[in-house]
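Enquirer: Coordinates for the following, if possible.
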Amino acid sequence: MISALTLSVQAKPETGSPAPDSTKKMPRAIADKTPHFQLLPDRWRDVQPPPYQLNVQGNIWDPYNRNILKGDYPIIGQDIFFIFTGKTNTIIETAAVPTPSGISTTNPNSSGFFGKSGRSMVRENISLSFEFYKGNTAYKPRDIEIKVTTALNLNYANVIENNNLNTDPGQGPLRYDSFLAFQELLVEKHLFDLSDNYDFVSVKAGIQPFNSDFRGLIFHDTNLGVRLLGSLASNRYQYNFAYFRMLEKDTNSELNMITRNRNQDVFLLNLYRQDFLTLGYTGQLSFHYNHDKPSTYVDDNGVPVRGRTRVGVNSQPHDIKSYYLGWAGDGHWGRFNVSHAFYQVFGRDSYNPIADGPISINAQLATFELSVDQNWMRFRTSALYASGDRNIFDNKGQGFDSIVDNSFFAGGSVSYWNTQNIGIFGATLTGKASMLPNLRTSKLEGQSNFVNQGLFLLNAGWEGDFTPKARMILNASYVRFANVSSISSLVNQQIRNAVGIDYGIGLQYRPFLNNNAKFILSVSALTPLAGFTDLFETRMTQAAFFSDFIFTF
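Expert: This next block holds a predicted model:
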């Protein structure tokens, strides 16, 4: 390829000047001094004159037009680029959530097991990302990439009752915390190409984000690992072989602690096939292996989350080996949008605190979503089934649990069940961004628990783009436990299956017609049915308000 520094083009004659061949009629001395060519610096900085101008020169503060901070110009030579990304994410949330009154109540009339149910939180996340890469990326993958992302989290929480934010009641119902972390610290190297269509093999090593399926149902996390990735058959197939040596998480910010190893190994592989069976539909096969080794850990708020925890009578450090086989798909069949998944997990837990002994694991998860678009609207229906444990005394774990899920399903942020962390007897009935009522001590710091009640959920929703800037979402779900043996044993009373009716409304607004500024607002609620009332001694509707303001440069 001709170097851009030596590229030259014939100069366009100015208006009224003679045509190039007319120089033959000029005196030789004049003709020799006439410029026939002009040098261009390179192909990135060339700006065509009006009326052919397609690109604006831009400046360093303009992220929309050509900018050296956005990889539009090389910073070294002809093929080394730099991309800077700055992002702020402000989350404000208030919710009514069943709250234990603790050993020292804050308010009158809170002497019962459950006190006042108010909770509010403000979280500010500021991230700065620096990305260097080498390569001619117009037609092929990057040759090498180095990326560093730092994240600062500031969070404030207020729970009306004591003992919920910290085990020490003297700390009161308020908490302010901050944490600085590396959320990405990675190198990616392009190893080689497999075809003229740039099917490739690359390796990525370091702290990196990874989602193992379409909806974040099994493993969706940012952690320390090494990943082999690539494509085949003109990009019809994509694959990942990945190993993660899990880092510990800071309790309140949920960011990585690069100096603490969690003593957990995760290995996974998946294969995607585009246009499988029909155009526009992608199928996926996957395998996950999770080895969570025995350890004891107390989180930053003084709560034991691994080893000798509050769950069960004789809780102790234990070893979990679980294997997941999965089949999933996402895309469209004709005018219908389809998303589905099925996972079978098996393995062994050396000691389960609810079963009070070793168990063999055998559990299932199935999800299905069907939607159809009509003009500016989408009508959606979905279902989820997570198997529950039928008998806690049979040495089997039949309640499905993930490794680290971060699911977007059945409404996502417009669902009370999917957004609220609801605790019960030292365990979580359900955690943030998780549909699974797994009774584990913590989604990020605790271990998987396969003795749980499972879930059956039916959902219907509607989405409408009123303008290119504004979208509204309506969502409603019926939530029911699959089996109640484990939850009844944990709380030592009979719990019924029906949990509640979950419903909400959300608004997404993009004032500049892009994702550089995005506002998300939602109000959701859960009206209790018999099972929720049995657990939390209330028939009052639990409501939550959620807002997320995102700005990106």
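Enquirer: For the rest of this, base every contact and every neighbour count on C-alpha atoms.
Expert: Fine.
Enquirer: Could you give the bridge partners of V203?
Expert: K189, L228 (DSSP bridges).
Enquirer: Cross-check the contact I'm expecting between V451 and A355.
Expert: Yes: using C-alpha atoms under 8 Å, V451 is in contact with A355, at 7.0 Å.
Enquirer: out of the two, which sits in the busier spot?
Expert: Legend: neighbour count by other C-alpha atoms under 10 Å for V451 and A355, higher for V451 (31 against 23).
Enquirer: by contact count, what packs against the host helix or strand of V226?
Expert: Taking DSSP states H and E as the definition, V226 sits inside strand 220-232. Contacts defined by 3 or more C-alpha pairs under 8 Å, 6 or more residues apart in numbering; DSSP states H and E place strand 220-232 against strand 174-193, strand 200-211, strand 237-249.
Enquirer: now those as a markdown table including mean neighbour count, distance to G312 and mean pLDDT?
Expert: Shown next, in a markdown table, are those (neighbours: other C-alpha atoms under 10 Å; distance: least, C-alpha to C-alpha, whole Å; pLDDT from 0 to 100):
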| stretch | mean neighbour count | distance to G312 | mean pLDDT |
| --- | --- | --- | --- |
| strand 174-193 | 18 | 28 | 94 |
| strand 200-211 | 19 | 32 | 96 |
| strand 237-249 | 20 | 24 | 97 |
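Enquirer: Would you mind confirming that A341 is in contact with Q364?
Expert: No: at 10.6 Å, A341 does not count as touching Q364 under the criterion of C-alpha under 8 Å.
Enquirer: List the beta-bridge partners for the nearest residue to N362 once chain neighbours are set aside.
Expert: Counting by C-alpha to C-alpha, 6 or more residues apart in numbering, F346 is the residue found nearest to N362 once chain neighbours are left out, at 4.6 Å. Beta-bridge partners of F346, counted by DSSP bridges, are Y323, N362.
Enquirer: What count of nearby residues applies to F346?
Expert: 19.
Enquirer: quick one: it from F450, how far?
Expert: Remark: distance between F346 and F450 (C-alpha to C-alpha, to the nearest Å) = 10 Å.
Enquirer: Which neighbours do those two have in common?
Expert: Common neighbours of F346 and F450 (criterion: C-alpha atoms under 8 Å, 6 or more residues apart in numbering): I361, A363.
Enquirer: which ones are touching Q447?
Expert: Contacts of Q447 (C-alpha under 8 Å, 6+ apart): D292, R306, R440, T441.
Enquirer: which one of those is nearest V499?
Expert: Ranked by distance to V499 (C-alpha to C-alpha), the contacts of Q447 are led by R440 at 18.4 Å.
Enquirer: how many neighbours does the closest one have?
Expert: 27.
Enquirer: ok, it touching G446?
Expert: Yes: counting by C-alpha under 8 Å, R440 does reach G446; the two are 6.2 Å apart.
Enquirer: picking up where we left off before, might you specify the subset of the contacts of Q447 located within strands?
Expert: Counting by DSSP state E, the contacts of Q447 place D292, R306 in strands.
Enquirer: Which pair of the contacts of Q447 spans the longest distance?
Expert: Farthest apart among the contacts of Q447 - using C-alpha to C-alpha - are D292 and T441, which lie 14.3 Å from each other.
Enquirer: Of the two, which one has the most company?
Expert: T441 (26 against 22).
Enquirer: Is that one in contact with I424, as I believe?
Expert: No: in this structure, T441 is not within contact of I424 by C-alpha under 8 Å, at 9.5 Å.
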